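[1] what's the 3D shape of this:
(chains A, B and C)
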Amino acid sequence: MRTLHLVSIALAVAACVAITVALLHPIPHNTVQTPVTSVATNKSVSYLVIKDFAGRPVKVRIPATRIVSEYGLATPYVYLLGAGNRLVVAEIWGPASRFYSIIDKDFQRKLKLARELSIEELLKLKPSLILVSYWKCFSRRVKQMEALGLPVFCVRVENVSDIYRFITVLGKVLGCEKRAEEIVSYYKSLVNKLRERLAGIETRPRVLILYYSGKEHAFRTFGGDMFQCKLVEMAGGVCVSANLSGKKTVNVEQVAKWNPDYIIVIGYRVPGPKAREILLSDPAWRAIEAVRDGRVYVVPSDGENWIDPCPKWVLGLYWLAKLLHPSALKDISIEKLASSFYEKLYNISLSSLKIVGDLRIG
Amino acid sequence: MLRIEDLWMLYGRKAVLKGVSLELEDGVGCVLGPNGAGKTTLIKCVAGILTPLRGRVYLDGVELSALSPRERAKLVSYVPQEISIKFPYRTLDIVLMGRNPYISPFATPSRRDEEIALEALRVLGIEHLAQSPFTSLSGGEKRLVLIARALAQGARLLLLDEPTSFLDFRNRIQVMSVIREVVEKTRRLALITLHDPNLASMFCDRVFMLKNGTIIASGGRDIINRETLKRLYEMDVEIVNVGGYPIIVPRTTLDSPS
Amino acid sequence: MSRTILFLALTFIALFVVSLQVGRMLFPIWSAVSSPVYRTIVVDVRLPRILAASLAGASLALAGAVFQNVFRNYLAGPGILGTTSGAAFGAAVAILLAPLTTVTVQLSSFSLGLAATMLSCSLARLVGESTLALVLSGMVVSALFSAGLGVIKYVADPYNKLPAIVYWLLGSFSGVRWCDLASSAPLMVLSALLIVSARWVLNVLSLSDEEAQSLGLSVRRWRMFFVALATLGTSASVSIAGMIAWIGVLSPHIARLVAGHDARSLVPSTALVGALLLLACDDIARSVSPAEIPISIVTHVVGAPTLFAILMRRRMYLAKD
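    Below is the predicted model of the structure:
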């Protein structure tokens, strides 16, 4: 008798589920069109199919007017192309928000929205483009976003050519190809100029990059696969931690073995100058030659460190080169370069920014 | 009839049962013996919980070890010494578990099973406890419930391991009387382990004295006398007759065993 | 007894229907018939997720009921034999080594969950056959895999892999699609159905091994049967949604309040309570804020105080040890 009750209940449940599904499901779900209900406009709306960094074709409505950036390293490039006002959600990491709050009054609000938004929330926003980091590309969430027709673009900025490519693609999507081209040639000309200056120089000083992690109470460095290390190589130096991979904690003994000529310090949650202070006040580090000789420098930062894979990387490159090969860049003033950089690309003066770090070197 | 032939059982390397044989025609059979004699082991071997090294057990001509656990459970029931039930099941549910050998694994007890369980409680006079949580019963009542479960099992042979342990003076007598009554009324067999020779002389039809894994004496109630008890417990006793009943009393406060 | 189950079933159906309506996008459910956007949300986003949460809740709850019964311990949960630790480790390994595909993570967590439980059982066989041996082996295996998990968390890159692992460990039904459900659901349904139909045996199993044996039950075989089914259900749940705390331990307690101790009513009730509970928690997790709350956080907040309250009310049967 009881089993009969159970069976009947199970059947009732199954029936309800079946009816619900049947009522709502005449369209097979894999042919769903973009969920953005097209509003009749006078402007012509066209689509562009671009390949993202994971090799996936992404169909984007151009020009993209509502951008969701869930990747902290992608957001700066949207601002670089002058399309910051088109960002609906902007994720950025750590102190970088300082810079972007200056150039975008509305930045804090956009930043607040940036967590992993639920699918329904994303659909509500009706984004024309969603930028995610490439390692999130195969997650279940992104798969569902794709299945629902949301335009997800996976971004990678591990080296300079990634950056050029990303700027170019963004230019296409945002409808500012001209500006993108200008920026890329600006970067390339600077890189070429430096290459000429450094041509023929045999000596390659050894450089250790450090930052201080408050969570672990330890200094960490970057491996050879990371952008910062590659930038050092581009600047005519040797990155001592090149045989490591990713971000790794270092101890003093390892540093002594490496015996770098220069130590450069960058800041994230713990600012660069503070990190240097911690380093210099630690008696263990006095064993390191570079520390004894005072060759510990803080990389300039306006909120973003100049040697991070952000748009200011070219400033970091020149700063490094001047530090490592002062005679080859004798006539180049980093300050002047930075001044013209900020004017040209962001339309702000260097003096209006607070640059933390050793701006004046050599 | 229960016939046990040459039962041997080892715990590790120690022999606990050394060729135990006994026969119980009908009625209540008691196994008397000191601690460590092997009484519990014997009961568990008959119940099928332990597998003896050697020897056979026959019930009404059927060899028990040849049966599947379910078939065996229909013939032999076991009431343990310790009450292990921790969850507050209803008393009726506990007794209903005795019907397990008749219930197929993917089914639930039928109405008939419930009736049989209720009847078992009735036979023992505790049907008023059917809906009470088991954990709220007294020690004596719990013991009776377990006996009811053994009855509901429909088994011909009831095995009870020290059914009077943890019971007070009155409950001890009550439980033994109930067992005797049930066995007589329903024509079953019962094999009980006891440590108190007084209870044995009061309630048992046949007595088996077990010491160090061997039966040193077996027979009717009359085998409980000074010589056998001295051999069994290694102490002097006095048997006094009170109103027709033999009462066994220790002779002196004990010094070293003689 | 059957009235309780009927009541629970109806409540569940009601919650199911309500869950279809709940979400960040608010629209009346009947407009889903006309609008393709809304239909997509209901059918492709919400429905598979609701089904997954219900099934996982039922599976975990049943696993909890089985283990509480088999081990005669009110605090036993699906993780007691190391299943959840093994599954967590499996997922972390997959996230660390492979690109973040759902299939590899699901497969890895499922198989390592099973492996951990089998290891516990084999270890127990070496020590002894009792339930105590099983519990101890389970603790050892859990500790082993937790240590392994710790190593992986230490080694993982803190900017991409580590957050992915931590997020997975907090559990989430976000992004569950029909294809994810298709791989986990049959196992969950099968194990649930088998446990429910064999529920009478659970009553007998809760007696001492000796008594159960004397009642004609092959204790070892049936214990393994239930442990295997509970493990399958748990592994399947963990593989689809990560670690979800409390549902397995708490649901049997709630079910006991309404359905009593007898497994005949307790087991189906537990399944329904588990489904109800987890579905309610997931509804909260996905609709309260723009970003999803990992579901373990919700179950922790709901679970711990609720269990405490129940145990306080039922002081009576706890004293009996």
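[2] tell me how chain A divides into domains.
    Domains of chain A are assigned by automatic domain parsing as A:46-183, A:202-352.
[3] nearest to chain C, of these?
    Of all the domains of chain A, domain A:46-183 sits nearest to chain C, with 3.6 Å by Cβ to the nearest Cβ. Heads up, the C-betas are built off the backbone N, CA and C, glycines and all.
[4] quick one: mean pLDDT over that closest one.
    For domain A:46-183, mean pLDDT rounds to 89.
[5] does it come close to chain C?
    Yes - interface with chain C: domain A:46-183 contributes A:113, A:115-121, A:123-124, A:133, A:135-141, A:143-144, A:147-148 (Cβ under 8 Å from any Cβ of the partner chain).
[6] for the stretch 101-250 of chain A, which segments count as helices?
    Using DSSP state H, counting those that start in this stretch, the helices of the stretch 101-250 of chain A run over residues A:107-112, A:119-125, A:140-147, A:160-174, A:177-198, A:227-234.
[7] a markdown table for the ones you listed, including distance to residue C:186 and mean neighbour count?
    Output for the helices of the stretch 101-250 of chain A, formatted as a markdown table (distance: least, Cβ to Cβ, whole Å; neighbours: other Cβ atoms under 10 Å in any protein chain shown):
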| stretch | distance to residue C:186 | mean neighbour count |
| --- | --- | --- |
| helix A:107-112 | 42 | 16 |
| helix A:119-125 | 25 | 21 |
| helix A:140-147 | 19 | 20 |
| helix A:160-174 | 42 | 20 |
| helix A:177-198 | 50 | 15 |
| helix A:227-234 | 46 | 23 |
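[8] quick one: closest of the domains of chain A to residue B:167.
    Smallest distance to residue B:167 across those (Cβ to Cβ): 62.4 Å, for domain A:46-183.
[9] what is the distance between that closest one and the centre of its chain?
    With Cα atoms, centre = their mean, to the nearest Å as the basis, domain A:46-183 stands 11 Å off its chain's centre.
[10] quick check: end-to-end length of that domain?
    End-to-end distance for domain A:46-183, by Cα to Cα, to the nearest Å: 25 Å.
[11] could you pull up the contacting residues of residue C:116?
    C:81, C:82, C:83, C:85, C:86, C:87, C:89, C:141, C:142, C:145 (Cβ atoms under 8 Å, 6 or more residues apart in numbering or on different chains).
[12] sorry, slip of the keys, the one I care about is residue B:190.
    Counting by Cβ under 8 Å, 6+ apart, residue B:190 has contacts B:27, B:28, B:29, B:157, B:158, B:159, B:160, B:179, B:183.
[13] same thing but at 7 Å, please
    Residue B:190 is in contact with B:28, B:29, B:158, B:160, B:179, B:183, counting by Cβ atoms under 7 Å, 6 or more residues apart in numbering or on different chains.
[14] which bits of chain C sit near chain B?
    Applying Cβ under 7 Å from any Cβ of the partner chain, we find that chain C lies next to chain B at C:72, C:197-198, C:200-201, C:203-204, C:206-208, C:210-211, C:213-218, C:261-262, C:264, C:317, C:320-321.
[15] that older thread, tell me which of the domains of chain A sits nearest to residue B:218.
    Residue B:218 sits nearest to domain A:46-183 of all the domains of chain A, at 74.4 Å, using Cβ to Cβ.
[16] so how far is residue C:168 from residue C:63?
    As judged by Cβ to Cβ, to the nearest Å, residue C:63 and residue C:168 stand 20 Å apart.
[17] so which of the two has more stuff around it?
    residue C:63 (38 against 23; other Cβ atoms under 10 Å in any protein chain shown).
[18] just to check, residue A:262 is in contact with residue A:207?
    Yes - using Cβ atoms under 7 Å, residue A:262 is in contact with residue A:207, at 4.9 Å.
[19] please point out which parts of the host helix or strand of residue C:5 sit buried.
    Using DSSP states H and E, the element containing residue C:5 is helix C:2-21. Buried residues in helix C:2-21, counting neighbours by 16 or more other Cβ atoms under 10 Å in any protein chain shown, are found at C:2, C:4, C:5, C:8, C:9, C:12, C:13, C:15, C:16, C:19, C:20.
[20] same question for stretch C:112-124.
    Here stretch C:112-124 shows C:112, C:113, C:114, C:115, C:116, C:117, C:118, C:119, C:120, C:121, C:123, C:124 as buried, counting by 16+ other Cβ under 10 Å.
[21] any idea of the mean pLDDT in that stretch?
    pLDDT averaged over stretch C:112-124 gives 90.
[22] again, but for stretch B:250-258
    The model assigns stretch B:250-258 a mean pLDDT of 63.
[23] so residue B:129 touches residue B:137, yeah?
    Yes - Residue B:129 lies in contact with residue B:137 (Cβ under 7 Å); the separation is 6.5 Å.
[24] so between these two, which is more surrounded?
    residue B:129 (22 against 18).
[25] residues in contact with that one?
    B:91, B:137, B:141.
[26] so the first one makes contact with residue B:142?
    By that I understand residue B:91. No - between residue B:91 and residue B:142 there is no contact under Cβ under 7 Å: 9.0 Å.
[27] and residue A:218, what pLDDT?
    Value listed for residue A:218 in the pLDDT field: 87.
[28] and the residue of chain B that's closest to chain C?
    residue B:73 (3.1 Å).
[29] now the helix or strand where residue C:84 lies: buried residues?
    Element membership of residue C:84, judged by DSSP H and E, is helix C:83-97. For helix C:83-97, the buried set under the neighbour-count rule, 16+ other Cβ under 10 Å, comprises C:83-96.
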